[in-house]
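Q: next one to model:
(one chain, ligands or ions: 1)
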Amino acid sequence: MSEFKRTTKFFYDYMKEYRLGFLVTTVALLASTYFQVKAPVFLGNSITELAKYVSDTEKNQNQFWQALWLLLIFYILYSVGSFIASAAVTLISGYSTNNMRRGLFGKLQRLTIQYFDSHKDGDILSRFTSDLDNISNALNQSLIDILTNVFMMVGIIIMMFRVNVTLAWVTMASSPIALILAAYLIRQTRHYVNLQQAEVGNLNGYINEQISGQKIVITNGLQKKSIKNFIPINERVRQATTRGQIYSGMLMPVMNGISLVNTAIVIFFGGWLAMNGGMERATALGLVVIFVQYSQQFYQPIINIASLYSMFQLAVTGAHRLTEIFDEKEEDTVPDGSVMEKIKNEIQLSNVRFSYNTNTEILHGVNISVEKGHMVALVGPTGSGKTTIMNLLNRFYDVDSGSITIDGKDLRKFNLKSLRDHVGIVLQDSVLFDGTIRDNIVFGNPEATDDQVIAAAKQANIHDFIESLPDGYLTHVSDENSIFSTGQKQLVSIARTILTNPELLILDEATSNVDTVTEAKIQKAMDNVIQGRTSFVIAHRLKTILNADKIVVLRNGNVIEEGNHAELLQQNGFYAELYRSQFVFGE
Ligand SMILES: Nc1ncnc2c1ncn2[C@@H]1O[C@H](COP(=O)(O)OP(=O)(O)OP(=O)(O)O)[C@@H](O)[C@H]1O
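A: From the prediction side, this is the model:
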């Protein structure tokens, strides 16, 4: 689908439920436009009647007062119509952007992990903030103005031809030049507005990355480098914004200039008609007044539409950027897939090949089998593919070839929710959500009772710490402002996983900022949570996996050794070397 069609469809989909609101807006706008374009006729009439009265050709003031009253009434009705239209549009805009935000957030929940892995957080965030704001502003401000101005232009053209055909043509004569110029300026504006949004997305992405990596920036003294990298990105935003604004800023002066010249031409011809057109002077004078008004009013819509264009364009770009997200592939939830039951025999990775990007294979035919209730530990140097295997087990990604099976059944055949219900993951960097500690523990099992929560926290070795806090389980935490260390956060995450009682457990051991006491607690908590479950553990400290039923050693995406601790030591290969080096340096 073309960009135009997709954007139109996007707006149509979100606006269609407000048909009634649009009808009210259109009727109110049509009425107010009628009152506005008709008013100059009464203005002209009142001048004609006044001129007649002053020049003594007519001794009756009634006609003058009648024209003046009609003028007043029409102006009031015009204001009422405009108000109704604007109120309706404000409501439509509020509700529809609210729906867009909801739709977008819902879509985010259905996207694949690949999407999040390949897009910057800041860029995703800017679609929620600046793109949606642009759409909301345009709906609130430019939609009604564009409609009003289009109606007004059509209304003025009709009125001008009804009042005087010659002067109507004179008034409109310069409009082709104005339109060509406006089209050129608008095209340039659009180009730079698109660029501006893309650059703002980049800027947000960079800032977001720097904020989350601030500690690394500070500890490595990278502040200057960080600023140095920031400057060109910021400069590109400035360039695109300035260029866009120069073109959009030129619209008003250019159009105003043409409008003023046009008014002078209209006065010239009007004057000529008054002097040579064989018309009564007072009537001719009124005609000139009417057409001076029309001439100004006729250009006003062109000026207004042109000046609103950049705002409108921002909204179109915003809509386009939102449709990009809406068009993204969603996770295949396998709605008709089988429901996963308890694991009976084993989990098997057979000849698994996988690549994140088509040209770099990460896993080159990995074979691992784990019996029910056993613990397999994945060890290997950084980048060897341990986390990747974890990503495949939970179907964050799917294998390129080969298969992962549970009791002989391919992982992809299970209903995704049922699979994830049975898979518990403890990540290295555990995240706490805004809420109480209890909220954070019952996350995966909201129905859990207090006793169950406490039992899980005890097994995870974090109960005593929680109890030592003044508000205990009701202590408020958030990820940024946490009272927990990285290791303690992982303990909370372990408690959370225990409550979900998973069949298959995937545990990525926390490595950073863990003191020896917490390390011992994690070790104990891991032993507790692993008990009786089939589990994959990514171990960074080998002493935590000495009891593993099987240790799989990965290197560059290949399994190079396999066996239990004693067997691997006996092989005296890579594992033995790794173990000895950790024993010497790590203890
Ligand atoms: N989302 C991704 N997109 C592209 N490549 C990725 C992605 N995630 C990981 N990789 C690459 O895949 C390879 C294996 O990474 P993986 O995270 O599985 O290693 P690991 O053994 O878990 O390392 P570590 O011990 O450092 O966590 C690395 O070369 C990494 O650069």
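
Q: element containing Gly122, please.
A: helix 121-126 (DSSP states H and E).

Q: does anything pack onto that helix? Which helices or strands?
A: The elements that helix 121-126 packs onto, with contact taken as 3 or more CB pairs under 8 Å, 6 or more residues apart in numbering; DSSP states H and E, are helix 175-212. Using the backbone N, CA and C atoms, a C-beta is placed for each residue, glycine as well.

Q: C-terminal to the helix it packs on, what's the next element?
A: With secondary structure assigned by DSSP H and E, helix 175-212 is succeeded by helix 214-219.

Q: so what's the gap between stretch 236-244 and the chain middle?
A: From the chain centre to the centre of stretch 236-244 is a distance of 22 Å (CA atoms, centre = their mean, to the nearest Å).

Q: the helix holding Gly122 vs the ligand: in contact?
A: No - counting by CB under 6 Å from any ligand atom, the ligand has no neighbours in helix 121-126; the shortest distance is 13.9 Å.

Q: what mean pLDDT does that helix have?
A: Helix 121-126 comes out with an average pLDDT of 86.

Q: and that helix, which residues are buried?
A: By 16 or more other CB atoms under 10 Å, the buried positions in helix 121-126 come out as Gly122, Asp123, Ile124, Ser126.

Q: just the closest of those residues to Asp327, please.
A: Distance to Asp327, by CB to CB, is smallest for Ile124 among the buried residues of helix 121-126, at 14.5 Å.

Q: contacting residues for the closest one?
A: Ile124 makes contacts with Leu108, Phe116, Ile325, as judged by CB atoms under 8 Å, 6 or more residues apart in numbering.

Q: over to Lys372?
A: Contacts of Lys372 by CB under 8 Å, 6+ apart are Ile343, Lys344, Asn345, Glu346, Thr534.

Q: burial check on the last one, number of neighbours?
A: It stands for Thr534. Neighbours of Thr534 under the rule other CB atoms under 10 Å: 26.

Q: same check on Phe396?
A: By other CB under 10 Å, 17 other residues sit near Phe396.

Q: what residues are up against the spatially closest residue to it that is not a sequence neighbour?
A: Nearest non-adjacent residue to Phe396, counting by CB to CB, 6 or more residues apart in numbering: Ile113, 4.0 Å away. By CB under 8 Å, 6+ apart, Ile113 lies in contact with Asn391, Phe396, Tyr397.

Q: among the residues you listed, which are in strands?
A: If you go by DSSP state E, those have nothing in strands.

Q: which of these fall in helices?
A: Using DSSP state H to define helices, the subset of these located there is Asn391.

Q: go through the contacts of Ile113 and name the one nearest the ligand.
A: Closest to the ligand out of these is Asn391 (7.3 Å), distances taken as CB to the nearest ligand atom.

Q: contacting residues for the closest one?
A: Ile113, Tyr397.

Q: now do 6 Å
A: Counting by CB atoms under 6 Å, 6 or more residues apart in numbering, Asn391 makes contact with Tyr397.

Q: nearest spatial neighbour of Ile303, skipping sequence neighbours?
A: In space, and not counting its chain neighbours, Ile303 is closest to Met255: 4.2 Å by CB to CB, 6+ apart.

Q: what is the neighbour count of that neighbour?
A: 22.

Q: repeat that for Asp464.
A: Using other CB under 10 Å, Asp464 has 10 neighbouring residues.

Q: helix/strand/coil for it?
A: Here Asp464 is helix, with the state taken from DSSP: H, G, I helix; E, B strand; the rest coil.

Q: then Thr387?
A: Going by three-state DSSP: Thr387 is helix.

Q: what's the distance between it and Ile325?
A: The spacing between Thr387 and Ile325, counted by CB to CB, to the nearest Å, is 26 Å.

Q: which residues touch Tyr473?
A: Applying CB under 6 Å, 6+ apart to Tyr473 gives the contacts Ile437, Arg438, Ile466.

Q: give me every residue that touches the residue of the stretch 101-250 of the chain at minimum distance from the ligand.
A: The nearest approach of the stretch 101-250 of the chain to the ligand comes at Asp117, 3.7 Å away (CB to the nearest ligand atom). Listed by CB under 6 Å, 6+ apart, the contact set of Asp117 is empty.

Q: end-to-end on stretch 410-430?
A: 29 Å (CA to CA, to the nearest Å).

Q: fine by me, thanks again.
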